[in-house]
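# okay, sequence plus prediction incoming.
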Amino acid sequence: MTDDTTESRNAESPPPEVLPLFPLTGSLLLPGNWMPLNVFEPRYRAMVEDCLEGDPHVGMIQPVVPRQDNHVPADHVDDEAPTLYTVGCAGRLARCEPQSDGRYVILLKGVSRFRVREELEPHHGYRRVRVDYGEFAADLGEPESLLDPDPILAALADFARARELEFDLDRLQTLPGVTLLNGLAVALPFSPGEKQALLEADDPEGRRDLLLNLMGMGFAEDGENHAPPVVN
């Protein structure tokens, strides 16, 4: 069964001051982008159920030290929950498909980045934070930003030739510049630190410049880039 009413019910609701968190290494949700998620852990199933009953927003965020999510490893029972970056992105639950085994397949639409101000007590096992959107006010209009796609396409063509990769450049040429930019930022296999730097770029132009630099650096043989940018 598919819940197709979530987006229409809540399309105009702003993201709340208190957000449930879905920490995920290597995840990158940007304003206007879509993120599918397969939700199977009990605490995150509870989070989805709470979103369906109340506010539909979820905060995507990365742990500072790359790991699967915010699990404490079994052999580190005295450890605290891992430290998270202070900037993430709120996504609106646009679609939810319950599965026969109890999982949820959900689709988030990126709304706005946020800065964490305070962590609150967990609820139903998942982490929650109080956030501030003030410095990211322009995010709400980012999907309509005008951005020249030509420099990105040229860099991507060079990148593909140098590494013997194939991209459907004809199809990519039909995309608006900001859609192309954010899609490549999400899809290309940058390191978690570089993903965070792309997230924290001041604006689409800054993200474009960083993306061009990262494509020029390429990827290491182990799939990780060397010397990821420092982010706050």
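Yes, it's here.
# show me where this protein has helices.
6-10, 42-53, 150-163, 169-172, 177-187, 192-200, 204-217 (DSSP state H).
# most neighbours per residue, which of those helices?
helix 192-200 (a mean of 22; mean count of other C-beta atoms under 10 Å). Every residue, glycine included, has its C-beta placed from N, CA and C.
# might you report the residue contacts of Val186?
By C-beta atoms under 8 Å, 6 or more residues apart in numbering, Val186 lies in contact with 28-30, 33, 35.
# and those residues as TSV, adding neighbour count, pLDDT and distance to Glu97?
Below are those laid out as TSV (neighbours: other C-beta atoms under 10 Å; pLDDT from 0 to 100; distance: C-beta to C-beta, whole Å):
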residue	neighbour count	pLDDT	distance to Glu97
Leu28	23	94	23
Leu29	27	96	19
Leu30	26	96	23
Asn33	20	93	19
Met35	21	96	14
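# go through those and flag which are in strands.
Mapping the contacts of Val186 onto strands (DSSP state E) picks out Met35.
# I'd like the contacts of Val186 as JSON lines, with distance to Leu156 appended.
Shown next, in JSON lines, are these (distance: C-beta to C-beta, whole Å):
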{"residue": "Leu28", "distance to Leu156": "17"}
{"residue": "Leu29", "distance to Leu156": "22"}
{"residue": "Leu30", "distance to Leu156": "18"}
{"residue": "Asn33", "distance to Leu156": "18"}
{"residue": "Met35", "distance to Leu156": "22"}
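# list the contacts for the closest residue in space to Gly102 that isn't next to it in sequence?
The shortest distance from Gly102 to any non-neighbouring residue, by C-beta to C-beta, 6 or more residues apart in numbering, is to Arg45 (6.6 Å). Taking C-beta under 8 Å, 6+ apart as the criterion, Arg45 is in contact with 39, 102-104.
# and if we set it to 7 Å?
39, 102, 104 (C-beta atoms under 7 Å, 6 or more residues apart in numbering).
# then Ile152?
With C-beta under 7 Å, 6+ apart, Ile152 has these contacts: 180-181, 184, 208, 211.
# could you list the domains of the chain?
Using automatic domain parsing, the domain ranges for the chain come out as 6-138, 145-217.
# of the ones you listed, which shows the lowest average pLDDT?
The minimum mean pLDDT among the domains of the chain belongs to domain 6-138 (a mean of 88).
# quick one: Pro66 and Gly193 touch, right?
No: counting by C-beta atoms under 7 Å, Pro66 sits too far from Gly193 to count as a contact (8.5 Å).
# residues touching the residue nearest the centre of the chain, list them.
The centre of the chain sits closest to Leu29, judged by C-alpha atoms, centre = their mean, with a distance of 2.0 Å. Contacts of Leu29 were listed using C-beta under 7 Å, 6+ apart, and they are 35, 60, 89, 91, 108, 110.
# can you give me the distance of the first one to Asp50?
What that stands for is Met35. Plainly put, Met35 is 18 Å away from Asp50 if you go by C-beta to C-beta, to the nearest Å.
# quick revisit: among the contacts of Val186, which one lies nearest to Pro15?
Leu29 (12.0 Å; C-beta to C-beta).
# got phi/psi on that closest one?
Phi and psi for Leu29, reported as degrees, to the nearest 10, are phi -110, psi 130.
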